[in-house]
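> Sharing a model prediction with you, sequence too.
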Amino acid sequence: MTCAYARWAAPPEALELTPGKYALTCLIDACGVGRRAGRMRRMCALAVRLRDPGTGAAWVEAGAVEGLFEAGAAGGRGGERELSLRGVVGPVVGPGRLGPAEVALLDDAGAVLGAYPVEAVTVGPVDGRDAVVRCSFHRFPHPAAGAVWQEWARAFPSAPGGWATGGAEHRAGWLEVARLHAATPGARAGERGGGTYGLDGRALVDRAALYCALGEAVKGPGGYYGANLDALHDCLTGGSGPRPPFTLRWHHAAVARAHLGEEYADAFAATLREAGVELARG
């Protein structure tokens, strides 16, 4: 199998490595499955950086991470998790307890795409080119977000509709990635001009689709403009993207309302109108 994103995508024993460089071949294309101590764990060929949340200083950087996007972590729960960093390239802090940190995800050029905040971080010693990090998440990363991060690492979205290419899990993962990317300095999705935005209700099959489409309509591919009603209100009042007044033209609204439910669709529309958005039906 030839891998389009040839960083770490296989256990280190499966690869011949040159110190200080990423592997040039791989056995798994996308988030695959690795094995550690008899347990099957999800591994992503995605460069990561454990960094200081205040200064952004790098503590550990590696070519892949295992255990970050574990299945079965849905429901908004958090807790402790063990991450295996594969292909450590530095810098490396000494082993020990570090306190709060961020697990930053990097694109192919080494720029930060987004980051997950973590607490109670403990870094183990580097064993060969691997290191184990134990940390606590307030909310675990969505299992489907790993594949989306990898897609964005290869090329940031330039065409609309990327969030609609998969099922419900893909949409939820995309929305998480868009939200965290929007909070990153230098986020690439930008505000669109014109004061009038269009929303196609035919694709709004659930709430994740609604907010993926809204972010894209307002800020372009990969854009974020809320993930629930509270976050939408924050964006409308200056948290992210354009502030009202502007016009949102909702095409095929009846189709969307059938999927979202009348109560939620009404609450969504009311949140927009109360903030000064003119909501027009297409």
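All right, it came through fine. Residues are numbered from 1 along each chain as shown.
> report the longest helix in the protein, please.
If you go by DSSP state H, the chain has its longest helix at helix 168-182.
> Next, the buried residues of it.
169-182 (16 or more other Cβ atoms under 10 Å). Quick note: C-beta positions are derived from backbone N, CA and C, even for glycine.
> Reformat those into TSV and put distance to Y116 next to each item.
Below are the buried residues of helix 168-182 laid out as TSV (distance: Cβ to Cβ, whole Å):
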residue	distance to Y116
E169	18
H170	19
R171	19
A172	15
G173	13
W174	16
L175	15
E176	9
V177	11
A178	14
R179	11
L180	7
H181	12
A182	14
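> Which residues are in contact with V93?
Residues near V93 by Cβ atoms under 8 Å, 6 or more residues apart in numbering: 59-60, 123.
> Please type out the PyMOL selection for whichever of those turn out to be buried.
Buried residues within the contacts of V93, by 16+ other Cβ under 10 Å, are selected in PyMOL with:
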select buried, resi 59+60+123
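> Let me have the contacts of V93 in CSV, extended by secondary structure, pLDDT and distance to L204.
Below are the contacts of V93 laid out as CSV (DSSP: H, G, I helix; E, B strand; the rest coil; pLDDT from 0 to 100; distance: Cβ to Cβ, whole Å):
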residue, secondary structure, pLDDT, distance to L204
W59, strand, 96, 41
V60, strand, 96, 41
V123, strand, 96, 43
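> Which parts of the stretch 51-200 of the chain are strands?
Ranges of strands in the stretch 51-200 of the chain, per DSSP state E, counting those that start in this stretch, are 58-66, 79-88, 96-106, 112-123, 130-137, 196-200.
> circling back to that earlier point, who are the packing partners of the longest helix of the chain?
strand 112-123, helix 145-154, helix 207-219 (3 or more Cβ pairs under 8 Å, 6 or more residues apart in numbering; DSSP states H and E).
> Tell me which of the ones you listed is the most buried.
helix 207-219 (a mean of 24; mean count of other Cβ atoms under 10 Å).
> Domain map for this protein?
Annotated domains of the chain cover 12-146, 193-281 [automatic domain parsing].
> so which of those domains gets nearest G161?
domain 193-281 (7.8 Å; Cβ to Cβ).
> of the domains of the chain, which approaches G162 most closely?
Using Cβ to Cβ, the domains of the chain put domain 193-281 closest to G162, at 6.5 Å.
> Any stretches of the stretch 101-250 of the chain with poor pLDDT?
191-194 (pLDDT under 70).
> distance between the ends of stretch 242-249?
End-to-end distance for stretch 242-249, by Cα to Cα, to the nearest Å: 15 Å.
> Show me what that stretch is in contact with.
Counting by Cβ under 8 Å, 6+ apart, 191-192, 195-199, 217-218, 236-237, 272, 275-282 sit against stretch 242-249.
> Quick check: the most centrally placed residue in the chain vs D200, distance?
Centroid-nearest residue in the chain, with Cα atoms, centre = their mean: V177, separated by 2.2 Å. To D200, V177 is 21 Å away according to Cβ to Cβ, to the nearest Å.
> Restricting to C-alpha, output stretch 211-222 in CSV.
Output of stretch 211-222 as CSV, limited to C-alpha atoms (Å, rounded to 0.1, in the frame of the first residue of the first chain):
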residue,chain,number,x,y,z
TYR,A,211,-23.3,23.9,12.2
CYS,A,212,-20.8,22.6,9.7
ALA,A,213,-22.8,24.2,6.9
LEU,A,214,-23.3,27.4,8.8
GLY,A,215,-19.6,27.8,9.5
GLU,A,216,-18.8,27.1,5.9
ALA,A,217,-21.4,29.6,4.7
VAL,A,218,-20.1,32.4,6.9
LYS,A,219,-16.4,31.7,6.9
GLY,A,220,-15.6,29.5,3.9
PRO,A,221,-14.5,25.8,3.8
GLY,A,222,-13.3,24.6,7.2
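> What are the contacting residues of it?
Outside stretch 211-222, the residues that reach it (Cβ under 8 Å, 6+ apart) are 152, 156-164, 171, 174-175, 178, 181-182, 188-192, 197-200, 203-204, 223-228, 232, 240-242, 248.
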